[in-house]
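Novice: My questions are about this predicted structure, shown below with the sequence.
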Amino acid sequence: MKKLVLILLGLFSIALFSQSKEVISSEIRWKAYKTLRAESLSHFGTVKLKSGNLVFNGSELIGGNFVMDLKSIDAEDMNSDPKMKKMLENHLKSDDFFDTNQFPVASFQIKSVKKINNSNYNYQIAGTLSIKGVSKPLAFPVKISQSNAVYTLTSAQFTFNRKHFGLKYNIFEDMLISNDVEMNVMLKAK
């Protein structure tokens with residue numbers, strides 16, 4: 001009984017002192033390759049944030065989430081050829097890949113946060129990445145910094161396997177595309 005009371009008091013104190021900070025700006029970058037992984041055979045760009053928050057206990061990150069608007073996917077590497085850019089973006093939004101009509105958003109929910117000793121990153125976050133109705137665990141290092149009342153989360157580059165989320169094209173074309181998609185995330189919350 002004493003253990004239950006202590007656990008409840010601990011949870012109550014975390015809830016009492018934790019603060020949710022709304023994400024006020026973001027930069028979410030992606031990069032994908034052909035199987036040869038040459039820079040000349042890659043595509044890269046951004047996706048806009050739909051919503052997000054970071055939860056702190058004092059100045060310590062303890063949770064949060066962010067939701068990405070997949071209909072906003074932008075293939076920046078194709079900016080010099082607007083026609084091909086539009087074709088690639090429509091292809092990524094189609095049911096060949098993200099199927100944004102049925103699945104307009106992807107999300108990441110922070111499940112745990114651990115301090116780490118790294119010269120570039122001070123936390124390891126672990127959570128659940130959800131794309132096309134499929135949820136898989138994912139962990140990566142982040143740096144949390146604070147200036148005035150604004151907290152900034154900057155991730156290390158991390159990857160996810162697109163096939164684990166049903167992002168597959170026809171079998172012949174699919175063999176030419178790397179399974180790994182690289183991402184970098186920067187969130188500012190206040």
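Specialist: Structure's in. What do you need?

Novice: any idea which helix or strand comes after the lowest-mean-pLDDT helix or strand in the chain?
Specialist: Using mean pLDDT, DSSP states H and E, helix 2-17 stands out as the lowest-scoring helix or strand of the chain, at a mean of 48. Note on helix 2-17: by DSSP states H and E, the next helix or strand toward the C-terminus is strand 18-34.

Novice: buried sites along the host helix or strand of Val181?
Specialist: Assigned by DSSP H and E, Val181 belongs to strand 177-189. Within strand 177-189, the residues that qualify as buried are Ile177, Ser178, Asn179, Val181, Glu182, Met183, Asn184, Val185, Leu187, Lys188, Ala189, counting by 16 or more other CB atoms under 10 Å. Using the backbone N, CA and C atoms, a C-beta is placed for each residue, glycine as well.

Novice: by contact count, what packs against that strand?
Specialist: Judged by 3 or more CB pairs under 8 Å, 6 or more residues apart in numbering; DSSP states H and E, the packing partners of strand 177-189 are strand 18-34, strand 42-57, strand 60-74, strand 150-155, strand 158-161.

Novice: Can you check which of these gets nearest to Phe108?
Specialist: Counting by CB to CB, Phe108 lies closest to strand 60-74 out of the helices and strands packed on strand 177-189; the figure is 5.6 Å.

Novice: List the neighbouring strands of the closest one plus their orientation.
Specialist: strand 42-57 (antiparallel), strand 105-115 (antiparallel) (DSSP bridges).

Novice: want to try a markdown table for those, with distance to Val67, mean neighbour count and mean pLDDT as columns?
Specialist: Output for those, formatted as a markdown table (distance: least, CB to CB, whole Å; neighbours: other CB atoms under 10 Å; pLDDT from 0 to 100):
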| stretch | distance to Val67 | mean neighbour count | mean pLDDT |
| --- | --- | --- | --- |
| strand 42-57 | 4 | 18 | 96 |
| strand 105-115 | 5 | 16 | 97 |
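
Novice: mind checking how far the residue nearest to Met84 when sequence neighbours are not counted is from His91?
Specialist: Counting by CB to CB, 6 or more residues apart in numbering, Met78 is the residue found nearest to Met84 once chain neighbours are left out, at 5.4 Å. Going from Met78 to His91 by CB to CB, to the nearest Å gives 11 Å.

Novice: So the two - more neighbours on which side?
Specialist: In terms of neighbours (other CB atoms under 10 Å), Met78 is the more surrounded of Met78 and His91; the figures are 18 against 13.

Novice: and that one, what does it touch?
Specialist: His43, Met84, Lys85, Leu88, Glu89 (CB atoms under 8 Å, 6 or more residues apart in numbering).
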